[in-house]
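Q: Build me a structure from this.
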Amino acid sequence: MDAFRVGIGEPIFVLTRAEDRFLQLRPGEEVRAQVVDVMPDGEVSLRIKGNLIQAKSSLDLPLNATVTFRVLGQQAGETGTEIRLQFVEVSTTSEGATTSQNVTTTSQNASTNLVQTLAQELAANLSVGGQVSQNITASVEQLLKALPDDPTAIPKETRDQLQSLLQTSLRNTDQSIQNRVSLLLNQPVLEEIPQLLDLNGVKEQIFTDMEKIVQIPLRTTLEDTGVAMEARLGVLAQSLPSEGEASSPTDSVSASMVVKSSESTLLRTDLKAKLLQIKQTILDHDRQLATSPTASNGMETKEVAEKRMELGQSLQNVDGLLRDIETFQLLSKLTNSFYTFLPVDWKGLNEADIAFKRSRSSSEGKSYYCLVNLDFEERGKVTIVAMMQGQDFFVSFKADSAEFRSVLDNNLQELQQMFQQQGLNLKMANVLSSEENHMMPFERLESFENIINIRI
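A: Numbering: from 1, shown residues only. From the prediction side, this is the model:
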């Protein structure tokens, strides 16, 4: 039997031994365990996938309860390989309802402690020099798995700290996603791979010129950033009828063809899907080079080594882009929002954050707020707050540069005309200096609830 340890405020570990039967558990998988026996000394017997496991736990697990765990991954332990499990929930009979509530509270504390530990690891992996550590990728992946479905179960202080760390990791990349995608797609070594001949049009498919952004719905520009890839695939999967649900074989085949067509379109235009495809192609090509018989003489061996080095650099660039997209996914989950970069080309713009918030309903209905932070190479920084209340819009600008404020003020009439052309009522628009604090409540993104945050 496997030794099993459960600790309050700690992940749960399955300690496997060489002579014991190994449990085939995959990271991210959720497994259920039945409580078979509970002993006075705190030990319990659990049955997981047909394996009887002796567990020592300080949790009061009720007899016959079904406990759900999430597999976090493997690590080497003193007695062999440890499989880390995160407590998720326990389901039990009404007699054990009180115990179940206690276990749930304990599990929430364990989740909080785990997230705090991972946040500390993330902070340690952010180097002082501003270079992004490779360990950040692992930290982001672990945090995505460890965060509870309801992020508000994590203390606000921890959420704020983690949000700040994740935003710092994005700033430490130095270059925008757009620039790094361009550099990746222009690397000569990729142009030599037949499977990647269609890369020329990728940037144009995903990124929109700022001059055309007004004519394109915002949703269209956001769908292909990669942040929502898994969610979109999930929706497509749900479109397929369940077994026995289709009225005829023809219906089932037709539904399958529609889903496959939609999936093909998604994989062709979604940035994360495209990066994953490029990554796999690079790995396959590198594997072919490693086993190529042309590396038999000195010159060819050197050439192959150079090609593999170039592919390795391309692979690092792909992994960096995927890490940023997954960081946005983690921020989305953390803030219970949709948080992404804006896929546009805007000359002279260093970086930009755009956030949307929907307030709770009031006597005047729901209000919607939009906060924009822009940093231009020549003009400097400007903050924009736009609010919609009922059918009325209110817009305020705040800029560091007096010259920039003058330019904005001189163009407010043009803004008014743009609203009118769309049939919208711009009730108020003004320009403020950086010293004025009228917009301060709107600028504190950390206080926004249910936000959508977009980063260029």
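Q: Distance check, Arg323 against Asp149.
A: Relative to Asp149, Arg323 is positioned 23 Å away (Cβ to Cβ, to the nearest Å). For glycine as for every other residue, the C-beta is placed from the backbone atoms N, C-alpha and C.
Q: For these two, work out which one has more neighbours and name it.
A: Summary of the neighbour comparison: Arg323 and Asp149, criterion other Cβ atoms under 10 Å, with Arg323 having more neighbours (20 against 8).
Q: surely Thr173 meets Ile325?
A: No - counting by Cβ atoms under 8 Å, Thr173 stays clear of Ile325, with 11.7 Å between them.
Q: Show me where the stretch 301-450 of the chain has its strands.
A: With DSSP state E, counting those that start in this stretch applied, the stretch 301-450 of the chain shows strands at 338-340, 344-345, 349-358, 367-376, 380-389, 392-399, 425-433, listed in chain order.
Q: Taking strand 380-389 as reference, get the angle to the third one.
A: Orientation of strand 349-358 against strand 380-389 (axes from the mean of the first three to the mean of the last three Cα atoms, to 10 degrees) gives an angle of 20 degrees.
Q: Could you give the average pLDDT over whatever helix or strand Arg219 lives in?
A: When elements are assigned from DSSP states H and E, Arg219 belongs to helix 218-222. Per-residue pLDDT values over helix 218-222 give a mean of 79.
Q: For that helix, buried residues please.
A: Across helix 218-222, burial judged by 16 or more other Cβ atoms under 10 Å covers Thr221, Leu222.
Q: which secondary structure elements does that helix contact?
A: Using 3 or more Cβ pairs under 8 Å, 6 or more residues apart in numbering; DSSP states H and E as the contact test, no helix or strand touches helix 218-222.
Q: top helix in the protein by residue count?
A: helix 298-335 (DSSP state H).
Q: Just put the strands of the stretch 301-450 of the chain in CSV and tack on distance to Ser182, mean neighbour count and mean pLDDT.
A: Written out in CSV, the entries for the strands of the stretch 301-450 of the chain read as follows (distance: least, Cβ to Cβ, whole Å; neighbours: other Cβ atoms under 10 Å; pLDDT from 0 to 100):
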stretch, distance to Ser182, mean neighbour count, mean pLDDT
strand 338-340, 18, 23, 82
strand 344-345, 9, 18, 80
strand 349-358, 15, 18, 76
strand 367-376, 20, 18, 81
strand 380-389, 25, 18, 90
strand 392-399, 29, 19, 94
strand 425-433, 34, 15, 94
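Q: between the ones you listed, which gets nearest to Lys274?
A: Relative to Lys274, the nearest member of these by Cβ to Cβ is strand 338-340, separated by 15.4 Å.
Q: Compute the number of surrounding residues for Leu415.
A: Number of residues near Leu415 (other Cβ under 10 Å) recorded here: 14.
Q: which residue packs closest to it, ignoring adjacent ones?
A: Ala429 (5.9 Å; Cβ to Cβ, 6 or more residues apart in numbering).
Q: list the contacts for the one you found?
A: Contacts were defined as Cβ atoms under 8 Å, 6 or more residues apart in numbering; by that measure Ala429 touches Phe394, Val395, Ser396, Phe397, Leu412, Leu415, Gln416.
Q: how much space between it and Gln417?
A: Distance, Ala429 to Gln417, by Cβ to Cβ: 11 Å.
Q: Show me the beta-bridge partners of the nearest residue to Met388 once chain neighbours are set aside.
A: Computed as Cβ to Cβ, 6+ apart, the closest residue to Met388 that is not its neighbour in sequence is Tyr368, at 4.5 Å. Following DSSP bridges, Tyr368 is listed with bridge partners Arg358, Met388.
Q: For Tyr368, give its distance to Ile216.
A: Relative to Ile216, Tyr368 is positioned 20 Å away (criterion: Cβ to Cβ).
Q: Could you do Gly201 as well?
A: As defined by Cβ to Cβ, Gly201 lies at a distance of 17 Å from Ile216.
Q: residue ranges with poor pLDDT in the stretch 151-300 of the chain?
A: Counting by pLDDT under 70, the low-confidence segments of the stretch 151-300 of the chain come to 200, 236-267, 293-299.
Q: quick one: the helix or strand hosting Leu143 to helix 298-335, angle?
A: Secondary structure from DSSP H and E places Leu143 in helix 135-146. Going by the same axes, to 10 degrees, helix 135-146 is angled at 40 degrees with respect to helix 298-335.
Q: just the CA coordinates of helix 135-146, formatted as CSV?
A: What follows is helix 135-146, C-alpha atoms only, in CSV (Å, rounded to 0.1, in the frame of the first residue of the first chain):
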residue,chain,number,x,y,z
ASN,A,135,11.1,29.3,-14.0
ILE,A,136,8.3,31.8,-14.4
THR,A,137,6.6,29.5,-17.0
ALA,A,138,6.4,26.7,-14.4
SER,A,139,5.1,29.1,-11.8
VAL,A,140,2.4,30.4,-14.0
GLU,A,141,1.3,26.9,-15.0
GLN,A,142,1.2,25.8,-11.3
LEU,A,143,-0.8,28.9,-10.4
LEU,A,144,-3.3,28.3,-13.1
LYS,A,145,-4.0,24.8,-11.6
ALA,A,146,-3.9,26.0,-8.0
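Q: what sits up against that helix?
A: Contacts to helix 135-146, defined as Cβ under 8 Å, 6+ apart, come from residues 27-28, 70, 72-73, 86, 111, 114-115, 118-119, 121-122, 125-126, 162, 166, 169, 319, 322-323, 326-327, 329-330, 333.
Q: And that helix, what's buried?
A: If you call a residue buried by 16+ other Cβ under 10 Å, then helix 135-146 has these buried ones: Ile136, Thr137, Ala138, Ser139, Val140, Glu141, Gln142, Leu143, Lys145, Ala146.
Q: Dump those residues into JSON lines; add distance to Gln280 and pLDDT as well.
A: Output for the buried residues of helix 135-146, formatted as JSON lines (distance: Cβ to Cβ, whole Å; pLDDT from 0 to 100):
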{"residue": "Ile136", "distance to Gln280": "22", "pLDDT": "82"}
{"residue": "Thr137", "distance to Gln280": "17", "pLDDT": "83"}
{"residue": "Ala138", "distance to Gln280": "20", "pLDDT": "83"}
{"residue": "Ser139", "distance to Gln280": "23", "pLDDT": "85"}
{"residue": "Val140", "distance to Gln280": "20", "pLDDT": "87"}
{"residue": "Glu141", "distance to Gln280": "18", "pLDDT": "86"}
{"residue": "Gln142", "distance to Gln280": "23", "pLDDT": "86"}
{"residue": "Leu143", "distance to Gln280": "25", "pLDDT": "89"}
{"residue": "Lys145", "distance to Gln280": "22", "pLDDT": "85"}
{"residue": "Ala146", "distance to Gln280": "27", "pLDDT": "86"}
